[in-house]
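Novice: Compute the structure for the input listed below.
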Amino acid sequence: MATIDLIGLIQSLPPEILAHIYGISALMVIGLAYKLFSRYIDRAGERLEIDSHGMNSIRLVVRVVTIILAASVLFTVYQLPTDLFVGGSALVGAIVGFGSS
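Specialist: Just a heads-up that it's a prediction; the model follows:
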């Protein structure tokens, strides 16, 4: 009986609130998966005796993939145009490129 009330409550919420709930829950799942995967990589790196530069490179790739995944999920949930994502990533690329030289 409590589940019926919960389903009715969810269905009665405005679409904007549902989008916020979906977005927050998606970010929480992505964050949890990142933490678990990061710990697995650390343990595997110690077990396989990978040097620190290699581990930092692997962590960087995992972070970049996580950020791209989180951004694409948020763009899908909030139905934002992908032009913003492409423009933002180009801007970040330019900033990183100028910062590294």
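
Novice: Could you count how many residues lie near the closest residue to Leu74 other than its chain neighbours?
Specialist: With Cβ to Cβ, 6 or more residues apart in numbering as the criterion, Leu74 has its nearest non-adjacent residue at 5.8 Å, and that residue is Gly23. Every C-beta, even on glycine, is put in place using the N, C-alpha and C of the backbone. Counted with other Cβ atoms under 10 Å, the neighbours of Gly23 add up to 16.

Novice: ok, Gly23 to Glu49 distance?
Specialist: Distance, Gly23 to Glu49, using Cβ to Cβ, to the nearest Å: 40 Å.

Novice: Name the SS class of the residue most central in space within the chain, please.
Specialist: Nearest to the mean C-alpha position of the chain, counting by Cα atoms, centre = their mean, stands Ala70 at 2.7 Å. Assigned by DSSP: H, G, I helix; E, B strand; the rest coil, the conformation of Ala70 is helix.

Novice: do you know how far the closest residue to it other than its chain neighbours is from Val65?
Specialist: Spatial nearest neighbour of Ala70, chain neighbours left out: Ile30 (5.1 Å); criterion: Cβ to Cβ, 6+ apart. To Val65, Ile30 is 10 Å away according to Cβ to Cβ.

Novice: For this protein, give me the ranges with low pLDDT.
Specialist: For the chain, the stretches with pLDDT under 70 are 1-4, 101.
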